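**Student:** Sequence and predicted model, in that order:
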Amino acid sequence: MSANVKSLFIGAGMLIVGLVLRFTTEGVETPVVTLTKVGLVLAILGAAELVITGAWMLFGSKDKDKEKDQVEGH
């Protein structure tokens with residue numbers, strides 16, 4: 001499994017866990033922060049991970065192909 005696919009799975013997992021925390025822990029308070037805020041932060045970070053990795057997979061591969069062609073002498 002490539003690093004990009006692993007990153008997609010990590011981002012999706014963070015997003016799911018964040019949404020679950022956000023919507024199921026209403027009213028649960030911890031000494032420092034509420035779990036709903038932790039869930040919101042996790043969901044935002046997970047979504048960012050998905051967007052950045054997806055963009056990298058779609059738009060970043062063209063540069064690799066050019067570099068590979070230059071190294072191989074094409």
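**Tutor:** Happy to help now that I have it.

**Student:** From here on, just use CA atoms for contacts and neighbour counts.
**Tutor:** OK.

**Student:** Can you report the mean pLDDT over the residues of stretch 15-23?
**Tutor:** Averaged across stretch 15-23, pLDDT comes to 94.

**Student:** can you give me the helices in the chain?
**Tutor:** 3-24, 35-59, 61-72 (DSSP state H).

**Student:** In stretch 16-35, which residues are buried?
**Tutor:** I16, V17, G18, L19, L21, R22, T34, L35 (16 or more other CA atoms under 10 Å).

**Student:** Please apply the same query to stretch 9-18.
**Tutor:** Burial within stretch 9-18, assessed by neighbour count using 16+ other CA under 10 Å, is assigned to G11, A12, G13, M14, L15, I16, V17, G18.

**Student:** Retrieve the pLDDT associated with the spatially most central residue of the chain.
**Tutor:** Using CA atoms, centre = their mean, the residue of the chain that lies closest to the mean C-alpha position is E49, 2.2 Å off. Per-residue pLDDT puts E49 at 95.

**Student:** What residue, apart from its backbone neighbours, is nearest it spatially?
**Tutor:** Spatial nearest neighbour of E49, excluding adjacent residues (CA to CA, 6 or more residues apart in numbering): G11 at 5.0 Å.

**Student:** residue ranges with poor pLDDT in the protein?
**Tutor:** Judged by pLDDT under 70, the chain has its weakly predicted residues at 61-74.

**Student:** run the last query once more with 90
**Tutor:** Along the chain, the parts satisfying pLDDT under 90 run over 1-5, 25-34, 57-74.

**Student:** ok, now how distant is the residue nearest to the centre of the chain from L8?
**Tutor:** Counting by CA to CA, to the nearest Å, the gap from E49 to L8 is 7 Å.

**Student:** cool, and P31?
**Tutor:** Distance from P31 to L8, counting by CA to CA: 32 Å.

**Student:** Make sure the residue nearest to the centre of the chain is actually in contact with S7.
**Tutor:** Yes - if you go by CA atoms under 8 Å, E49 and S7 touch, sitting 7.2 Å apart.
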